[in-house]
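>>> Here is my input, please return the structure:
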Amino acid sequence: MPPPCSRCTSQRVIHLETARKLGTAAGALAGSLKGAYASLNSPSRLLATSALFPLSRVATAVMAATSGGIAGAAAGHQMVQHLFPPGEGTPWLCWGCGHAFRVLN
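Numbering: from 1, shown residues only. This is a model prediction of the structure:
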């Protein structure tokens, strides 16, 4: 059970390691989707007679999704990393007032 916030005594707190993992995963997913979408919807010089979806665009979309996912994961990690308070103990973040604190076990 999470401890109450040391500033506002709210019970709505999240473990910052969990928040960091969620931020990294959400950033990777958003970056992958953005990279694939931008790659597939970019204007290209396709022949008008080609009725089939070109496989080279799928490979490009996979590469764009991969690079976008890596960049998104790094951005998500850095967005949460600055919230960590200095010191020892388990880091927590209050959802009520935004206070980051550590609890010694």
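>>> Please make it C-alpha for all contacts and neighbour counts, starting now.
OK.
>>> Leaving out chain neighbours, which residue sits closest to the residue nearest the centre of the chain?
Among the residues of the chain, the one closest to the centroid is Gly27, at 2.1 Å (Cα atoms, centre = their mean). For Gly27, ignoring the flanking residues on the chain, the nearest one in space by Cα to Cα, 6 or more residues apart in numbering is Gly72 at 4.2 Å.
>>> again, but for His15
Skipping the residues right next to it in sequence, His15 comes nearest to Trp92 by Cα to Cα, 6+ apart, at 4.6 Å.
>>> you'd agree the residue nearest to Gly27 is up against Gly23?
No. Taking Cα atoms under 8 Å as the definition, Gly72 is not a contact partner of Gly23, at 9.3 Å.
>>> picking up where we left off before, just to be sure, the residue nearest to His15 is in a strand?
Yes. Residue assignment for Trp92, taken from DSSP: H, G, I helix; E, B strand; the rest coil, places it within a strand.
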